[in-house]
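# no sequence for this one, just the structure:
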């Protein structure tokens, strides 16, 4: 597989959110604004790239039977690094993402890529795979966050597009997350069919 | 009274699935039939309560006295992962019928964020041990309520005439949205 395909598959063909339906909890939980979605996406990308790198490095040292717990420890280490870094440098984002930062550990996307890709491929491809899948995930979260923020409060990345009074509050709240993602996936499926 | 408030708040007002977005993967994944929904709820209740108790004591007796709070994420997930394995082995030996019923769901539970989420939330809310257990049970019931209701709707949904593009996941998500809308009606009762 050439590296460009390896990188770009994460954005459309095998997009974590739209196609594989992995990592749905943060997808729904933190996308009430575009900036939160982007922050979460980038944090996950970092964890994904680093854990793919380490898993690819140590894949021959881990006995097959304990590989899942070993992968989880690797992932949890990088999640802790992200958690402490965000708390120190971007406290506002840290507060609004809240519980979902430690929960990157149980994001099926990260463990899924470690198991399905990094444990079978070399270091270079694993990093590119992690980068592609991670940025694809970040893209999906940002799109969903933008839609919800725009429809819900009339803003985009914090700047006012139309007055908040015309916004549909439900899109910022919990039900709006499910409904917006449902229609977004239906739309993507339709586009794929025609392409 | 305090416990009643915790229970009502966890089941209805801050429902773990529909308003906190934890445990969405099993919520979408095993909700095609009511019977699998019930099995999953059983397994989640079991593991959630045990995991909350174990992580509670881990936090109070190891992490806090030694000042290593930053190891919370890594130690909690390890405890949960090994606990799931342990529960699986014990159930297989002690109660084969229960293992038959819950067995297939157990491995999935390690990556169920509801378990880790509840364990961390109990610490954040500074509950004592009794409150923690009540909180864990209430959240498990809330998870079951959402999952089984949703499974019931999805069983009916299979018989409906749905536009082609909306079949499968999209319509399921929209239905989940309407369900979440209904649960918003409970806001303010606590």
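Noted; the coordinates are in hand. Note that the structure is predicted; figures quoted are calculated from it, not measured.
# and stretch B:160-177, what's buried?
For stretch B:160-177, the buried set under the neighbour-count rule, 16 or more other C-beta atoms under 10 Å in any protein chain shown, comprises B:165, B:166, B:169, B:170, B:171, B:172, B:173, B:174, B:175, B:176, B:177. In this view, the C-beta of every residue, glycine as well, is placed from N, C-alpha and C.
# list of residues touching that stretch?
Outside stretch B:160-177, the residues that touch it by C-beta atoms under 8 Å, 6 or more residues apart in numbering or on different chains are A:21, A:175-179, A:181-183, A:185-187, A:189-190, A:193, B:18, B:27-28, B:31, B:150, B:153-154, B:157.
# again, but for stretch A:91-103
Looking at what lies outside stretch A:91-103 - C-beta under 8 Å, 6+ apart - the contacts are A:25-26, A:29-30, A:33, A:35-36, A:39-40, A:43, A:79, A:82-83, A:86-87, B:22, B:72-73, B:113, B:116-117, B:120-121, B:124.
# ok, stretch B:48-61 next?
Under the criterion C-beta under 8 Å, 6+ apart, residues B:72, B:75-76, B:79-80, B:83, B:87, B:114-115, B:118-119, B:122-123, B:129, B:132-133, B:135-137, B:139-140, B:143 lie in contact with stretch B:48-61.
# what ranges do the helices span in chain A?
Applying DSSP state H to chain A gives helices spanning A:3-8, A:24-29, A:34-58, A:67-89, A:91-97, A:108-113, A:123-153, A:174-194.
# distance check, the residue of chain A positioned farthest from its centre against residue B:184.
With distances taken as C-alpha atoms, centre = their mean, the residue sitting farthest from the centre of chain A turns out to be residue A:165, at 30.9 Å. To residue B:184, residue A:165 is 21 Å away according to C-beta to C-beta, to the nearest Å.
# again with residue B:56
31 Å.
# quick one: which of those two has more around it?
Neighbours per residue, other C-beta atoms under 10 Å in any protein chain shown: of residue B:56 and residue B:184, the larger number sits with residue B:56, 20 against 17.
# give me the pLDDT for residue 144.
If you meant another chain, say so; for now it's chain A. The pLDDT attached to residue A:144 in the predicted structure is 93.
# let me rephrase: I mean chain B.
93.
# so it is in which element?
Element membership for residue B:144 (DSSP states H and E) is helix B:129-157.
# that helix near chain A at all?
No: no part of helix B:129-157 sits close enough to chain A to count as contact by C-beta under 8 Å from any C-beta of the partner chain; the gap is at least 10.7 Å.
# which residues does the spatially closest residue to residue B:41 that is not a sequence neighbour contact?
Nearest in space to residue B:41, with sequence neighbours left out and distances taken as C-beta to C-beta, 6 or more residues apart in numbering or on different chains, is residue B:144 at 3.5 Å. Taking C-beta under 8 Å, 6+ apart as the contact definition, residue B:144 lies against B:37, B:38, B:41, B:44, B:45.
# find the nearest non-adjacent residue to the last one, please.
Nearest residue to residue B:45, sequence neighbours excluded (C-beta to C-beta, 6+ apart): residue B:140, at 3.8 Å.
# what's the burial count for that neighbour?
Counted with other C-beta under 10 Å, the burial measure for residue B:140 works out to 26 neighbours.
# I'd say it and residue B:41 touch.
Yes: with contacts counted by C-beta atoms under 8 Å, residue B:140 reaches residue B:41, the gap being 7.2 Å.
# distance of the residue farthest from the centre of chain A from chain B?
Taking C-beta to the nearest C-beta, to the nearest Å as the measure, residue A:165 falls 21 Å from chain B.
# write the ChimeraX selection for whichever of the contacts of stretch A:91-103 are buried.
Buried subset of the contacts of stretch A:91-103, written as a ChimeraX selection, criterion 16+ other C-beta under 10 Å:
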select /A:25,26,29,30,33,35,36,39,40,43,79,82,83,86 /B:22,72,73,113,116,117,120,121
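# quick one: low-confidence parts of chain B?
Low-confidence regions of chain B, defined by pLDDT under 70, span residues B:102-104.
# which one is the residue nearest to the spatial centre of chain B nearest to, not counting chain neighbours?
Relative to the mean C-alpha position of chain B, the nearest C-alpha, by C-alpha atoms, centre = their mean, is the one of residue B:114, at 4.4 Å. Distances taken as C-beta to C-beta, 6+ apart place residue B:23 nearest to residue B:114, at 3.4 Å, with adjacent residues excluded.
# and that neighbour, what is it in contact with?
For residue B:23, the contacting residues are A:25, B:16, B:17, B:44, B:112, B:113, B:114, B:117, B:143, by C-beta under 8 Å, 6+ apart.
# repeat for residue A:42
With contacts defined as C-beta under 8 Å, 6+ apart, the neighbours of residue A:42 are A:134, A:138.
# what count of nearby residues applies to the closest residue to residue A:71 other than its chain neighbours?
For residue A:71, the nearest residue in space outside its immediate sequence neighbours is residue A:114; the separation is 4.6 Å by C-beta to C-beta, 6+ apart. Per other C-beta under 10 Å, the neighbour tally for residue A:114 reads 26.
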